[in-house]
Structures are given as structure tokens and as C-alpha cells.
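J.: Predicted model and sequence below, questions to follow.
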Protein chains: 2
Amino acid sequence: MKKREKISDAVIKRLPMYYHCLKGLESDGISKVSSNIISGLLNITASQVRQDFSNFGEFGQQGYGYDVIYLKDQIAAILGLDRRYNVIIIGAGNIGQALAKYKGFKNEGFDIIAAFDVDAKDGKTIGGIPIYNYIKLEEFSQNCKIDIAVITTPSESAREVAANVKRLGIKSIWNFAPVFIYLGEDIAVENINMSESLFMLAYKANNLKII
Amino acid sequence: MKKREKISDAVIKRLPMYYHCLKGLESDGISKVSSNIISGLLNITASQVRQDFSNFGEFGQQGYGYDVIYLKDQIAAILGLDRRYNVIIIGAGNIGQALAKYKGFKNEGFDIIAAFDVDAKDGKTIGGIPIYNYIKLEEFSQNCKIDIAVITTPSESAREVAANVKRLGIKSIWNFAPVFIYLGEDIAVENINMSESLFMLAYKANNLKII
DNA sequence: TAGATTGTTAATCGATTAACAATC
DNA sequence: TAGATTGTTAATCGATTAACAATC
């Protein structure tokens, strides 16, 4: 293992791909895999697969390859998927409600424990998750450890909400508002910008190889 | 203008950022801008801003800078935002419904004209958009030019739906199912993989600078 | 004109790929 | 053992940054 310097974003972006791929192999009952096979499944080079893994440790055996379950567990641990997370949703509009109703996150270790909205009256639920008025967030955060805040407010309020989230000591933000949020090095933010993705799709569609 | 070779993905990813930024400047009533100012707003280098633009043409004037509206229109044209798109949604689950109800896409030139679902009975609507049974898609596509298909089905059916969409001659897919879709060079696909984004957030949160 | 800022060429940096010794 | 495949070092490729002549 090379000495652990800062891992580049390009590498980190591929970790979930590896994890997903290994889960697939596991559920197909395959127990060993080589960098060459992974490279074929993910359409990258075998060299890159080995380089990526070597950033974190030595997970394979020369002449054999990698044990699927062991490697999957190692990558899960690197990603932090070996624990559970308490998640809240801020903004109970269309997207916020859709995420609240989606049941898939629980399987991956993410428990949505509450939603908040400026217009909410207490006592309601969506998809079994309680909704509170946004003014209750501070009190709630004092009683319950929140790992991740999902921001699904309109863009006008997103930055203000994000700043408040940081003030309450929450360390991760998953932002769906079409506003770029960055609050410094001591809080993790992932921005999902759907309209930028849609614009890139328009570009790609208009620049396809000769149709 | 350098001769137009293939533009790298890294450049294309920044175009929506420039567009967004210029719209902001325009709505603030600012009429001229320099690469230096843009670089400050977007946290990239001025050199990169000029390099990026020079892939597509010469949009500025030495000693002056760029005209905000002209530059914005040029970038809109490069992205293909100078026309309108007919969009359908396939899969009327949580995310599909949320997108159908979201009104923001129309402003950018994307008209959601119908939704399809395997369980749908004809005659219903969501957010004013008609829902049809999925078996009607082929007929619909023959009567109406569809530019973009949004796939919000469960992951099990996503690939099959995507193949069908391609068969019907639709040239762009916006995929929200957690499955990587690629159908060759002659159809544009943008994958929004929310769980990968969530995993990256977990990684970042677990690797923050000393807290 | 003098100052400002572009567009482009050259230099640097970082990420990907290739090669191969180590070794299971 | 012979064959396979890792982990790592070196080579290549591509993207970002710096520098500057052109010129408004």
C-alpha cells in the first residue's frame, strides 16, 4: 500500500461503481474476480482498477485475484457503508416527498427519520415519516443525532437552510436545490443538479455522431 | 477559433455553470463581464474560462471582455437551449410523479407532454400531464415527435424500457433508475445515479478534515 | 495613447495506461 | 512447477494553468 495521500475525486467517484458491481457478482454467487473481469464489466482498464484499489490497501492475491465478498466489504468500509445514518429531509415539496416515500435507502444504511417544511403542521406523515414545522428543527437536532440533511427546498431558501444546518452541527448535506452549496472544508456537501444534467443531455443529443 | 475537434466532457460539464452564472448576471442588470470576474464567481481560473470558450468561438473583445447577453445566448445555442423539447416520462412512481409536477423545466424549454406507466389507466393526469398505459407508447410516438424520454421505472425494467425507447427512434434518455444505461454512439443518455451520489456523500462525511 | 483583456501557445500538473517484477 | 494476476513503478496522455502577443 502506498502511503495514504489525499485521494482524488476521480477515484472516489468510481468507488460506488465498484461496490455496485461487486454486489451484483455476489448475488450471482460468484466468489472470485480479477481486475480484468471488473474492467470488462465497468468499461474501464484493469490497470485503473488495480491503481484505484491500491490507494486504500492490498485487497487481492497475486495469481488469484480478489475475493468478491471480502473486496465488497472493504469498499463498503471505505465508503462508510458499514454503519447506519440518520437522515432528515428539509422541504416537503415534490422531490422531498418522493424521497421520503422511496424505500430503497434503508437497505443501504440510510434511515430517514423526519421531514421538515415551513408550511407543515405537526402530526402528519409522508410514507410513514413524520413531518414537522421547520421551526422545530433546532429542538429536534438537540434530541436526536442527525447525520445527513437532505435539502429539497426551493432554490431561494436553500443557502439559508444550508447555513442553518451547518450551525446545528450536522456534518453532511445532500442538496437537490438548483444552487451550488459549499460551506467550507468541515462539512460534506453533495449537489445533485438536475437541470445541469438536463442541459448536458440537450448538448449531447444535438452533437450525436452523424445521425 | 481553434479547429473544432471533439470537445472533452470536462468542458461540456462546465457549460451549464457558465449559462447559469450569466443568467444571474443578466438578471442583476450587468451587461459586461470579464473572464476574471466569471472565474471568481465560479471558483475556477480565468485561463480555464477563456480556454473553454475558445473551443466554440471568439465571443469576447480584447480590452473589453464579454457582453453578458450575447455570451449567454451563444452558450445557450451551444447547449441547444435555443429550441424546445418534447419530453415524456416513463414510470409514474415517486420520482416520475415529482418530475411531472415540477414546473421549472418549461421555463428552460422542456415541455413534458405525457407520462406512461404499466399500471396506468388512460384518462388520468398528474400535474396536468396525461398518463397513458405503457402499451400506448409506440402509438403515441408515431403521432408525436418525442425528443427526450425520462426513465423513472424500477431498475429491473429500466434497460428494457431504454432499448424500447431507442427502437422507437427517440434520441435522448434521461435515466433516474439506478442502472447504468449506454446504448451506443447514436443515442444520448444522461444517468442520474442518486445512490452513488449518496455513497460519495457518506465517504466525504467520513473523511472530513480533522473535525 | 495607455490600460485592459482577449485568444492562443507553451509549460505544468495530474490522471490514466502500460509494463513488469513479485509471488501466489 | 507453470500460469495467472497482483501491486507498483514508469510512460503516456489529457486537462489545467501560466504567459504573452494581439488588439480593442
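T.: That came through, no problem.
J.: packing partners for the host helix or strand of residue A:111?
T.: Assigned by DSSP states H and E, residue A:111 belongs to strand A:110-117. Packed against strand A:110-117, as judged by 3 or more Cβ pairs under 8 Å, 6 or more residues apart in numbering or on different chains; DSSP states H and E, are the following elements: strand A:85-90, helix A:94-101, helix A:104-107, strand A:129-133, helix A:137-143. Quick note: C-beta positions are derived from backbone N, CA and C, even for glycine.
J.: Which positions in it come out as buried?
T.: Under the neighbour-count criterion of 16 or more other Cβ atoms under 10 Å in any protein chain shown, strand A:110-117 has A:110, A:112, A:113, A:114, A:115, A:116, A:117 buried.
J.: what's the answer for stretch A:44-54, then?
T.: Applying 16+ other Cβ under 10 Å to stretch A:44-54 flags A:44, A:48, A:49, A:50, A:52, A:53 as buried.
J.: CA atoms only for that stretch - export them in CSV, please.
T.: Provided in CSV are the C-alpha atoms of stretch A:44-54 (Å, rounded to 0.1, in the frame of the first residue of the first chain):
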residue,chain,number,x,y,z
ILE,A,44,-12.5,0.9,-17.7
THR,A,45,-9.0,-0.5,-17.8
ALA,A,46,-7.8,-3.3,-15.5
SER,A,47,-4.8,-1.1,-14.7
GLN,A,48,-7.1,1.6,-13.4
VAL,A,49,-9.0,-0.9,-11.2
ARG,A,50,-5.7,-2.0,-9.6
GLN,A,51,-4.5,1.6,-9.2
ASP,A,52,-7.7,2.6,-7.6
PHE,A,53,-7.7,-0.2,-5.1
SER,A,54,-4.0,0.3,-4.3
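J.: Briefly note if that stretch comes near DNA strand C.
T.: Yes. Stretch A:44-54 comes into contact with DNA strand C (Cβ under 7 Å from any atom of the strand), by way of A:44, A:45, A:47, A:48, A:50, A:51.
J.: Could you pull up the mean pLDDT of that stretch?
T.: On average, the pLDDT along stretch A:44-54 is 98.
J.: hmm, it touching DNA strand D?
T.: Yes. Shown here: stretch A:44-54 in contact with DNA strand D (Cβ under 7 Å from any atom of the strand) through A:46, A:47, A:50, A:51, A:53, A:54.
J.: Name the residues that touch that stretch?
T.: A:1-2, A:11, A:14-15, A:18, A:34-36, A:38-39, A:42, A:59-60, A:71 (Cβ atoms under 8 Å, 6 or more residues apart in numbering or on different chains).
J.: Pull up the residues of chain A that are close to DNA strand C.
T.: Residues of chain A lying near DNA strand C (Cβ under 7 Å from any atom of the strand): A:8-11, A:44-45, A:47-48, A:50-51, A:61-64.
J.: buried sites along the host helix or strand of residue A:159?
T.: With elements taken from DSSP H and E, the one containing residue A:159 is helix A:155-167. Within helix A:155-167, the residues that count as buried by 16+ other Cβ under 10 Å are A:157, A:158, A:159, A:161, A:162, A:164, A:165, A:166.
J.: Which elements pack onto it?
T.: So helix A:155-167, by 3+ Cβ pairs under 8 Å, 6+ apart, packs with strand A:148-151, strand A:172-175.
J.: Of these, which stretch is the most buried?
T.: When you average the neighbours per residue for each of the helices and strands packed on helix A:155-167 (mean count of other Cβ atoms under 10 Å in any protein chain shown), strand A:148-151 leads with a mean of 26.
J.: The contacts of stretch A:44-54 in helices, which ones?
T.: If you go by DSSP state H, the contacts of stretch A:44-54 have A:11, A:14, A:15, A:18, A:35, A:36, A:38, A:39, A:42, A:71 in helices.
J.: What is the nearest of those residues to DNA strand C?
T.: residue A:11 (6.2 Å; Cβ to the nearest atom of the strand).
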